[in-house]
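Participant: Pasting the sequence and the predicted model now:
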Amino acid sequence: MLNFSSDSAPACHSKSYQRPTSQEKWALKKAQKRKYSGIQKELPNKQQFNGPKTKDQQPTEDMEEEDVPTHKSPVRKPAPKDAAKALSPETLKPAQRFKAQTKMTPKSKHVGEHKGGEDSVFIKTSSLFRNNPDIPDVHRPAVTQLKEKVFTSDSFAELDLHPHLINRHSLYTNAVFLGSVQKKTIPVLLSGQDAVVRSQTGSGKTLAYGIPLVQSLQAVEPKIKRGDGPLAVIVVPTREPFTWIVPGVLMGGEKRKAEKARLRKGINILITTPGRLVDHIKNTLSIAFSAVRWLILDEADRILDLGFEKDLTVILNSLNATGPPRQNVLLSATLTDGLSRLAAISMKEPVSIQVGENSEGINDLTPDPTTVQGKSDRFAVPERLQQHMVVVPSKLRLVCLAAFILSKCKFEKGHKIIVFVSSCEAVEFLLILFNAVLSGPKAKQQPPLSFFRLHGNMKQEDVAARGLDMPQVTWIVQYNPPTTPAEYVHRVGRTARIGAKGSSLLFLTPAEMSYVTSLANHNISLSEMKMEMILSTLMLDDRFKVRGKYDGKKSSGAPEQEVQERATVLQTEFENVVHNDNNSVQAAKRALQSFLRAYTAYPSNMKHIFHIKALHLGHAAKSFGLRDAPQGLVTAPAKGSNKDKGQAKASRNKLGEFLLTELV
Ligand SMILES: Nc1ncnc2c1ncn2[C@@H]1O[C@H](COP(=O)(O)OP(=O)(O)OP(=O)(O)O)[C@@H](O)[C@H]1O
């Protein structure tokens with residue numbers, strides 16, 4: 001059970017509700033009026049707020065009665081005759097779109113204080129810009145980033161490959177020049193040696209092992225038949241869509257029976273996630289490893305990161321028990337101690353291949369004879385990747401993320417963003433919230449924003465149907481920081497692939513700022529983006545303008561003041577959507593709870609940066625559109641509870657759920 005008593009929270013956080021600043025009070029009042037004025041006109045039984053004011057709402061010396069942030073907000077019941085129109089996403093108000101998309105039938109329209117059956121909602125919006133922790137200057141340790149040249153000037157034709165193979169692969173990749181990692185790796189693997197390959201994300205490692213694998217299998221005599229069973233096993237960490245020819249996959253999300261049938265027919269190159277393969281090893285008699293001559297561990301650092309070490313041991317034992325001599329390949333974007341251990345148990349005198357240890361390394365394309373040990377902690381990221389971070393107090397996180405998405409996808413062209421968040425529930429929640437508030441009706445020939453989701457609880461068909469065009473992603477946003485630097489590298493590596501440009505943005509709260517130092521220890525350097533700069537995008541979006549105040553004339557207040565007002569209007573829109581009915585409040589609470597659970601899952605060596613006790617529950621709740629900190633959230637796993645341990649592991653494994661944003 002979480003207990004955010006005042007002694008565990010900073011003094012300034014001792015109350016969950018802070019009085020708004022005068023400009024916020026003003027903005028709130030206008031926002032509420034604007035939002036509901038149209039609805040009120042249509043309501044036959046316009047309600048009056050007549051409940052008692054709580055202590056926080058009593059007028060004080062600097063708060064006039066009319067500025068007290070209590071509003072009546074009747075909820076519209078669409079008349080049957082305009083029901084069809086009301087269901088059109090373009091005519092629905094944000095809160096209505098939220099409800100339509102969740103397809104929830106609210107038991108009650110009342111949230112907060114009920115007023116004796118009256119159709120009204122009691123609204124309380126606390127200050128966004130007051131009582132936040134200070135944002136200290138960001139300390140950026142000096143870092144020399146490792147550089148790796150992606151391409152060589154050599155063509156595939158220079159390799160002694162089967163002509164059919166050259167034609168086939170150029171068909172799929174349009175590749176002309178060999179990638180550096182391909183030039184180093186292909187000859188080593190064709191010579192039959194084991195190899196540990198470390199090269200940055202998106203540098204073409206898949207072809208680096210795919211080409212020698214297919215070349216060697218096509219040369220096998222007598223010719224391979226389907227019924228020979230697996231000759232190669234490729235273990236990958238997750239069931240993301242595969243990018244090259246997939247002869248047969250096992251990845252969960254599909255009935256084991258269907259997979260068994262395919263195994264029985266025969267899969268010569270088996271691509272699988274570790275957990276699923278172990279499942280089949282234990283339960284499927286038809287899985288025979290007697291012909292396996294290749295084992296490839298792709299994205300091996302992530303496989304370990306996701307906690308599959310034990311599964312790998314089961315797989316290795318099973319493979320070692322049978323079969324001809326095997327060639328082993330381990331590929332990774334980062335080198336860690338865990339990886340060295342894995343290489344030691346799974347490989348025979350592997351050649352260690354690394355691309356461009358430093359900027360001079362680009363000329364050195366001979367395999368690096370050094371051992372894997374001792375190369376840990378130095379991560380290379382694509383040279384054309386611009387990495388940023390922004391420090392945002394908890395309360396402002398939601399509006400800041402929204403403003404960033406608008407700045408790139410609404411007010412600039414050609415962007416596609418992936419937002420990583422910490423749980424499936426948060427993905428679902430943000431998807432609905434952003435669709436309701438940000439995507440907006442088509443206006444002035446501007447296409448609406450599109451949001452898509454991808455997370456571990458989705459069915460495989462949904463994932464495949466999504467057809468994610470990953471190469472065109474221009475921004476990676478990490479709304480929740482990952483648990484390991486290796487995971488950080490993999491996430492940002494979804495952009496700036498194979499020599500393209502890309503950018504990333506990491507959200508941190510003031511309490512989490514030492515994460516920058518932690519990344520710097522792994523050669524990762526971030527430049528700071530200012531939260532105020534991101535929020536200032538709202539000045540371009542008149543949907544969040546405080547109506548009436550500046551109509552027809554220029555703002556008399558400072559620009560920062562108007563930015564704050566608009567941010568408050570946006571937050572109010574989010575809160576109105578969330579508090580529109582009990583189901584949406586529950587969805588927000590579930591998302592908050594899963595965020596907190598994931599927060600407890602940071603490894604112990606990161607707890608000094610991410611500790612649940614340093615979180616202010618009320619402020620965190622605000623970033624889920626909740627007006628108050630919910631009571632009785634259970635987040636910490638009870639000691640010895642296997643179920644909760646499982647949940648914590650699941651949360652940790654799902655720190656990579658994401659949301660994709662683009663203009664369509
Ligand atoms: N020589 C090449 N020329 C042009 N494109 C290439 C070449 N090699 C690979 N590609 C393309 O580059 C993209 C990235 O390749 P790939 O997915 O193999 O990278 P990776 O190093 O495995 O990345 P990660 O570590 O992030 O999984 C793919 O779309 C692939 O088709």
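Facilitator: Received the coordinates, thanks. Remember, it's a predicted structure, so these values are computed and weren't measured experimentally.

Participant: Pick out the residue in the stretch 451-600 of the chain sitting closest to the ligand.
Facilitator: Proximity of the stretch 451-600 of the chain to the ligand (C-beta to the nearest ligand atom) peaks at Ile498, 3.6 Å away. For the C-beta atoms, the positions are set from N, CA and C on the backbone; glycine is no exception.

Participant: what does the protein put close to the ligand?
Facilitator: 173, 175, 177-179, 182, 199, 201-207, 243, 299, 333, 471, 493, 497-498 (C-beta under 6 Å from any ligand atom).

Participant: who does the one helix or strand Asn317 maps to touch, helix- and strand-wise?
Facilitator: Secondary structure assigned from DSSP states H and E places Asn317 in helix 309-320. Helices and strands touching helix 309-320, by 3 or more C-beta pairs under 8 Å, 6 or more residues apart in numbering; DSSP states H and E, are strand 232-235, helix 274-283, helix 337-346.

Participant: what's the next secondary structure element after the second one?
Facilitator: Using DSSP H and E, the helix or strand that directly follows helix 274-283 along the chain is strand 294-297.

Participant: Report the backbone C-alpha coordinates of that next one in CSV.
Facilitator: Taking C-alpha atoms only, strand 294-297 is exported to CSV below (Å, rounded to 0.1, in the frame of the first residue of the first chain):
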residue,chain,number,x,y,z
TRP,A,294,23.1,-22.7,-36.4
LEU,A,295,22.1,-20.9,-33.2
ILE,A,296,21.7,-17.2,-33.5
LEU,A,297,20.9,-15.0,-30.5
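
Participant: Quick one: mean pLDDT over it.
Facilitator: For strand 294-297, mean pLDDT rounds to 97.

Participant: next structured bit after that strand?
Facilitator: Past strand 294-297, the next helix or strand by DSSP H and E is helix 300-305.

Participant: which parts of that next one are buried?
Facilitator: Neighbour-count burial for helix 300-305 flags Ala300, Asp301, Arg302, Ile303, Leu304, Asp305 (criterion: 16 or more other C-beta atoms under 10 Å).

Participant: What average pLDDT does that helix get?
Facilitator: Here the average pLDDT along helix 300-305 is 89.

Participant: Stretch 183-199 too?
Facilitator: Mean per-residue pLDDT for stretch 183-199: 95.

Participant: same deal with stretch 216-224?
Facilitator: 85.

Participant: Return the set of buried residues in that stretch.
Facilitator: Within stretch 216-224, the residues that count as buried by 16+ other C-beta under 10 Å are Ser216, Leu217, Ile224.

Participant: Got the confidence number for Gln460?
Facilitator: Per-residue pLDDT puts Gln460 at 61.

Participant: quick one: Thr572 from Thr600, how far?
Facilitator: Distance, Thr572 to Thr600, by C-beta to C-beta, to the nearest Å: 30 Å.

Participant: out of the two, which sits in the more crowded spot?
Facilitator: For Thr572 versus Thr600, neighbours defined as other C-beta atoms under 10 Å are more numerous around Thr572 (27 against 19).

Participant: Which secondary structure elements does the helix or strand hosting the more buried one sit against?
Facilitator: Element membership of Thr572 [criterion: DSSP H and E] is helix 559-578. When contacts are defined as 3+ C-beta pairs under 8 Å, 6+ apart, helix 559-578 sits against helix 22-42, helix 94-102, helix 397-409, helix 424-437, helix 531-535, helix 582-599.

Participant: Now do the buried residues in that helix.
Facilitator: Buried residues in helix 559-578, counted by 16+ other C-beta under 10 Å: 561-578.

Participant: Stretch 429-441 too?
Facilitator: By neighbour count on 16+ other C-beta under 10 Å, the buried set for stretch 429-441 is Phe429, Leu430, Leu431, Ile432, Leu433, Phe434, Asn435, Ala436, Val437, Leu438, Ser439, Gly440.

Participant: Can I get those in JSON lines including distance to Asn328?
Facilitator: Formatted as JSON lines, the buried residues of stretch 429-441 follow (distance: C-beta to C-beta, whole Å):
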{"residue": "Phe429", "distance to Asn328": "43"}
{"residue": "Leu430", "distance to Asn328": "41"}
{"residue": "Leu431", "distance to Asn328": "41"}
{"residue": "Ile432", "distance to Asn328": "45"}
{"residue": "Leu433", "distance to Asn328": "46"}
{"residue": "Phe434", "distance to Asn328": "44"}
{"residue": "Asn435", "distance to Asn328": "46"}
{"residue": "Ala436", "distance to Asn328": "50"}
{"residue": "Val437", "distance to Asn328": "51"}
{"residue": "Leu438", "distance to Asn328": "48"}
{"residue": "Ser439", "distance to Asn328": "48"}
{"residue": "Gly440", "distance to Asn328": "52"}
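
Participant: Could you give the number of residues near the residue lying closest to Thr201 once chain neighbours are set aside?
Facilitator: Excluding its sequence neighbours, the residue lying closest to Thr201 (C-beta to C-beta, 6 or more residues apart in numbering) is Gly493, at 2.3 Å. Look at Gly493: counted by other C-beta under 10 Å, it has 21 neighbours.

Participant: My understanding was that Gly493 contacts Pro382; is that so?
Facilitator: Yes - here Gly493 reaches Pro382: they are 7.0 Å apart, a contact under C-beta atoms under 8 Å.

Participant: intersection of neighbour lists for these two?
Facilitator: Shared contacts of Gly493 and Pro382 (C-beta atoms under 8 Å, 6 or more residues apart in numbering): Gln200, Thr201, Gly202.

Participant: ok, and the most crowded of those?
Facilitator: Using other C-beta under 10 Å as the neighbour criterion, Gln200 leads the shared contacts of Gly493 and Pro382 with 27 neighbours.

Participant: how about it, what does it touch?
Facilitator: By C-beta under 8 Å, 6+ apart, the residues touching Gln200 are Glu148, Val150, Ala333, Val355, Ala380, Val381, Pro382, Gly493.

Participant: Tell me where the model's unsure across the stretch 301-450 of the chain.
Facilitator: Scanning the stretch 301-450 of the chain for pLDDT under 70 picks out the ranges 356-378, 441-446.

Participant: before we move on, back to that, of all the buried residues of stretch 429-441, which comes closest to Leu449?
Facilitator: Closest to Leu449 out of the buried residues of stretch 429-441 is Ser439 (4.5 Å), distances taken as C-beta to C-beta.

Participant: So the closest one is in contact with Phe452, correct?
Facilitator: No - contact criterion C-beta under 8 Å: Ser439 and Phe452 do not qualify, at 11.6 Å.

Participant: and for stretch 309-317, what are the contacting residues?
Facilitator: Under the contact criterion C-beta under 8 Å, 6+ apart, stretch 309-317 has outside partners 233, 235, 274-275, 277-278, 281, 297, 303-304, 338, 342, 345-346.

Participant: Just the pLDDT for Pro74.
Facilitator: In the prediction, the pLDDT value recorded for Pro74 is 35.

Participant: If you tally nearby residues, what's the number for His611?
Facilitator: Around His611 there are 14 residues (other C-beta under 10 Å).

Participant: any idea of the pLDDT on it?
Facilitator: Value for His611, per-residue pLDDT: 92.

Participant: got a list of what it touches?
Facilitator: No contacts exist for His611 under C-beta under 8 Å, 6+ apart.

Participant: can you tell me how far it sits from Val421?
Facilitator: For His611, the distance to Val421 equals 19 Å [C-beta to C-beta].

Participant: Then Ala486?
Facilitator: From Ala486 to Val421 the distance is 19 Å (C-beta to C-beta).

Participant: Between those two, tell me which one has more neighbours.
Facilitator: Taking neighbours as other C-beta under 10 Å, Ala486 and Val421 compare with Val421 leading, 27 against 23.

Participant: Excluding chain neighbours, give the residue nearest to the more buried one in space.
Facilitator: Closest residue in space to Val421, ignoring its immediate chain neighbours: Tyr479 at 4.9 Å, by C-beta to C-beta, 6+ apart.

Participant: The one you found against Ser423, yeah?
Facilitator: No - using C-beta under 8 Å, Tyr479 makes no contact with Ser423, being 11.1 Å away.

Participant: more neighbours, these two?
Facilitator: A direct count of neighbours by other C-beta under 10 Å for Tyr479 and Ser423 places Ser423 higher, at 27 against 23.
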